[in-house]
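Asker: Fold the stuff below for me.
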Amino acid sequence: MNPAELPLRDIHLPEPIGWWPLAPGWWWITGLLLLAGAAVTGIILYRRYRHSRLSYWLKPEFQVVAAQYAENHDCVTFLQSVSSLLRRACLSLYPRREVASLTSEAWLSLLDQAGETSEFTQGPGRLLAEGPYLRNASPGDVDALLPLVLNWIDHCGKRKLRRPGE
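Answerer: Below is the predicted model:
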């Protein structure tokens with residue numbers, strides 16, 4: 001056979017490899033990056049949610065006050081600390097002009113309203129109105145007040161804090 005008669009063509013190079021479709025390894029890397037981004041975003045949003053709740057700072061502070069009371073059994077100091085703590089909590093939930101000037105029955109009524117209870121105006125919570133100003137208070141009364149305040153914190157602690165100026 002004559003080489004000039006052979007139907008040969010010139011060598012053709014294949015098309016260059018494109019970036020699409022991606023190889024399976026790139027799909028895995030993309031999926032892992034998206035999953036990591038979603039996890040980091042979820043953690044950030046959860047922390048922001050948790051920090052915006054009253055219980056984030058209120059419960060640990062109450063535990064410190066209760067531990068100090070358990071250590072030294074100073075009823076008056078405990079009542080003053082709890083009263084101050086609950087007042088700061090209410091100032092975080094309600095506008096200052098509505099809460100800061102409340103005393104005695106109005107203060108206890110606000111605590112009842114916020115905690116959806118009547119134990120502050122009609123139960124052991126009455127000690128908060130008079131207790132911080134007493135020379136000596138009964139440890140039995142203070143022991144009855146502890147679970148009431150803890151229940152109030154648990155109930156109100158889920159509420160979102162008010163922004164300054166609201």
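
Asker: Could you verify my assumption that residue 158 touches residue 56?
Answerer: No. With contact defined as Cβ atoms under 8 Å, residue 158 does not count as touching residue 56 (10.7 Å). No exception for glycine: its C-beta is placed from N, CA and C like everyone else's.

Asker: between these two, what contacts are shared?
Answerer: With Cβ atoms under 8 Å, 6 or more residues apart in numbering applied, the contact sets of residue 158 and residue 56 do not overlap.

Asker: more neighbours, the two?
Answerer: Neighbours per residue (other Cβ atoms under 10 Å) separate residue 158 from residue 56, with residue 56 holding more: 14 against 10.

Asker: Which residue comes closest to that one once chain neighbours are left out?
Answerer: Excluding the flanking residues, the one nearest residue 56 by Cβ to Cβ, 6 or more residues apart in numbering is residue 50, at 5.9 Å.

Asker: low pLDDT regions in this structure?
Answerer: Along the chain, segments meeting pLDDT under 70 span 1, 132, 161-166.

Asker: The residue nearest to residue 56: neighbouring residues, count only.
Answerer: Neighbours of residue 50 (other Cβ under 10 Å): 10.

Asker: Pretty sure it sits in a helix.
Answerer: Yes. Under DSSP: H, G, I helix; E, B strand; the rest coil, residue 50 falls within a helix.

Asker: Kindly confirm whether my reading is correct that it touches residue 44.
Answerer: No. Contact criterion Cβ under 8 Å: residue 50 and residue 44 do not qualify, at 11.0 Å.

Asker: Pick out the residue nearest the middle of this protein.
Answerer: residue 50 (2.5 Å; Cα atoms, centre = their mean).

Asker: how near is it to residue 38?
Answerer: Separation of residue 50 from residue 38 (Cβ to Cβ, to the nearest Å) stands at 18 Å.

Asker: next structured bit after the helix or strand that contains residue 37?
Answerer: Taking DSSP states H and E as the criterion, residue 37 maps to helix 24-51. Per DSSP H and E, the first helix or strand lying C-terminal to helix 24-51 is helix 55-72.
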